[in-house]
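K.L.:
Sequence first, then the predicted structure:
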Amino acid sequence: MVIIIDERSSEPLYKQIHDQIIAGIATGELEPGMSLPSVRSLASDLGINLHTVNKAYAVLRDEGYVQMRGRAGAVISEPSDASRADKNRASLEAMEDDLFKLALTYRACGGTRGQFLECAAAQAARAYGVVGDPASESRADRPVHASRTPSGRAARGLSPQKA
Amino acid sequence: MQNVDGLMVLLLGFVLLLVPIVGILAAATPYLMPKRECFAVTIPDAAACDPEVRRLKRSFFAVVITVTLLLTAACGACILFNPEHAFLPMLVVSVLILGIGSYGLMLHFRQKTIALKRARGWVAKTAQRASFVAEEPAPRPLSQTWDLLFLIPITVTALICIVGYPLMPDHIATNLDLAGQVSHWVEKTPLSAAFPVLAVVFMDACFAFSHWTILRSKKGIDAARPAASAWAYGAFARAQSMLLVGLGTMISFVGPIIALSFMGVITMLQALLPILIMLIVVLVAVIVVTMIYGQNGARLLRRMEDPESMPVDDDRYWKLGIFYWNKDDASLFVPERFGVGWTANLGRPAVWAIIVGFIVVTVAFVAFSLWV
């Protein structure tokens, strides 16, 4: 699975790596048991600091997505793992809170409930729908962009915003 | 012509070939690089078709080829008129001129490329870099275990030196003059007799170290086409590692050959022939691999459509074109920017330790061999 970072993006580098690995787990490209490259070799290939990759791996470990297996290094953990399930529950609650805050902000900006649900459906389609179909996109050569700008949404041909 | 042995003429002619070979490789360098690296400046891949870019590369090629022809002629003249004293200095000067001269010329064309880049408005809006996690869809360099092959010539050399020690003359011939006559001897001692073993061990240690740098290096992956460039780079690194191991093992058999010449089983002159053949094999192999793969496997991708974008602009890390300085980069070694191979990340102190260590060991070995 390809990981692409952008040093000019506003998002911190460790978060870009962290988010892309989680996306890989979500789409099934990264299966439990697969090992991640060593901190040194990933940092070297991406041309960044060891600390940055260390941090990304550490956060993934804390969230239960990844385990350290001695010589094999970091390995994707099973989703049914007890520690991971606990952390999943806690992070799900946090995500629901985030969604609530997003809906509130959207409402404050003048959007209607219907518009918000349309937006949410489009983003869900992005996360669950198109990716994972090998015929439609060659994932290896299409970067996973961490940014979500309006122009990005329009370019992907999703439902346009109704003013 | 003075009193020069026939085989020596062959050797001189072969050594003369070094000049045009170095020259042609230097001239071809702009065409061997990834398209986004034009005279050590990052440009969009698609810009390689820009007529001005093409003109710059052609001019560089023309200048270097012309200088190469002149220097080759000069060296040839030295062989004809004064092979004993003028040829070797002329050869060294020629290679230096070609090496330093082509670097200087590259800097000049680099300035022109920077100006062109500004004029055309080629700017990177992102600073993207790519790598792979989990399954890597690319070939890898040979593992370091293959370097154990070097033990074969080392052992053979050691055996010959040990077994042949009593058979060696009290004064071992070490130098030949152009007439094929021995011109220098050393006294036989266990240390001087062991010299072939030590030389081969040192040489193989250098090969093994180079192999290690390839394994540790940053991979030359292009964020605009990660999988294709990762595959091409992997194939290139694998080929280079195979050259190192294969040619290194072959060259190491210089050890047994010299040991046999110490013993007197073959004369020094006779020892030159297999060494000459080995050198030809090395040159041909290196040239072929260089032409097929280019730098980072770029020539493997040259028929692919080129991205218009410039995913990243690395110019600020490359001082004077070819010296990489980035202390935030975890890599110790990175692919060269103008040339085929790898170079060191001078921004990391560990690399300086390695470089200084390497120089110290080399100087110590040379001093030791002169003393012996």
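P.N.:
Looks like it arrived, so ask away. Predicted, not measured: the structure shown is a model, and the values here were computed from it.
K.L.:
Flag every buried residue along the helix or strand hosting B:Val163.
P.N.:
Here B:Val163 sits within helix B:151-164, counting by DSSP states H and E. Buried residues in helix B:151-164, counted by 16 or more other CB atoms under 10 Å in any protein chain shown: B:153-154, B:156-158, B:160-161, B:164. Glycine gets a C-beta too; all of them are placed from N, C-alpha and C.
K.L.:
From the contact counts, what lies against the helix or strand following that helix?
P.N.:
As assigned by DSSP H and E, the chain's next helix or strand after helix B:151-164 is strand B:171-176. Contact partners of strand B:171-176 among helices and strands, from 3 or more CB pairs under 8 Å, 6 or more residues apart in numbering or on different chains; DSSP states H and E: strand B:182-187, helix B:254-263, helix B:268-293.
K.L.:
can you give me the offset of the second one from its chain's centre?
P.N.:
Read it as helix B:254-263. 26 Å (CA atoms, centre = their mean, to the nearest Å).
K.L.:
Dump the helices and strands packed on strand B:171-176 into a markdown table; add mean neighbour count as well.
P.N.:
A markdown table is the format used below for the helices and strands packed on strand B:171-176 (neighbours: other CB atoms under 10 Å in any protein chain shown):
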| stretch | mean neighbour count |
| --- | --- |
| strand B:182-187 | 13 |
| helix B:254-263 | 23 |
| helix B:268-293 | 15 |
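K.L.:
Quick one, which of those gets closest to B:Leu300.
P.N.:
helix B:268-293 (6.3 Å; CB to CB).
K.L.:
got a list of contacts for the next helix or strand after the closest one?
P.N.:
The first helix or strand that comes after helix B:268-293 along the chain, using DSSP H and E, is strand B:318-319. Defining contact as CB atoms under 8 Å, 6 or more residues apart in numbering or on different chains, one finds that strand B:318-319 is touched by B:40, B:324-325, B:337.
K.L.:
tally of neighbours for the residue of the stretch 151-300 of chain B found nearest chain A?
P.N.:
Nearest residue of the stretch 151-300 of chain B to chain A (CB to the nearest CB) works out as B:Ala227 at 3.9 Å. B:Ala227 is flanked by 19 other residues according to other CB atoms under 10 Å in any protein chain shown.
K.L.:
That one against B:Pro137, yeah?
P.N.:
Yes - the criterion here is CB atoms under 8 Å, and B:Ala227 meets it with B:Pro137 at 5.6 Å.
K.L.:
and chain B, which of its residues are near chain A?
P.N.:
B:125-135, B:137, B:216-219, B:221, B:223, B:225-228, B:326, B:328-332 (CB under 8 Å from any CB of the partner chain).
K.L.:
out of those, which are buried?
P.N.:
Applying 16+ other CB under 10 Å to these flags B:126-134, B:217-219, B:221, B:223, B:225-228, B:326, B:329-332 as buried.
K.L.:
What about these, which are in helices?
P.N.:
B:226-228 (DSSP state H).
K.L.:
Could you check the one helix or strand B:Phe207 maps to and say which residues are buried?
P.N.:
Per DSSP H and E, B:Phe207 falls inside helix B:195-216. Judged by neighbour count using 16+ other CB under 10 Å, the buried positions of helix B:195-216 are B:195-204, B:206-208, B:210-211, B:214.
K.L.:
angle of that helix against helix B:151-164?
P.N.:
170 degrees (axes from the mean of the first three to the mean of the last three CA atoms, to 10 degrees).
K.L.:
packing partners for helix B:195-216?
P.N.:
Using 3+ CB pairs under 8 Å, 6+ apart: helix B:195-216 touches helix B:151-164, helix B:226-252, helix B:254-263, strand B:333-335, helix B:349-371.
K.L.:
Could you export those as JSON lines, including mean pLDDT?
P.N.:
JSON lines is the format used below for those (pLDDT from 0 to 100):
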{"stretch": "helix B:151-164", "mean pLDDT": "93"}
{"stretch": "helix B:226-252", "mean pLDDT": "95"}
{"stretch": "helix B:254-263", "mean pLDDT": "90"}
{"stretch": "strand B:333-335", "mean pLDDT": "96"}
{"stretch": "helix B:349-371", "mean pLDDT": "91"}
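K.L.:
Same list, those, but as CSV with distance to A:Ser35 please.
P.N.:
Listed next are the helices and strands packed on helix B:195-216 as CSV, based on distance: least, CB to CB, whole Å:
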stretch, distance to A:Ser35
helix B:151-164, 32
helix B:226-252, 18
helix B:254-263, 41
strand B:333-335, 24
helix B:349-371, 26
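K.L.:
circling back: same question for the helix holding B:Phe207, mean pLDDT?
P.N.:
Helix B:195-216 shows a mean pLDDT of 94.
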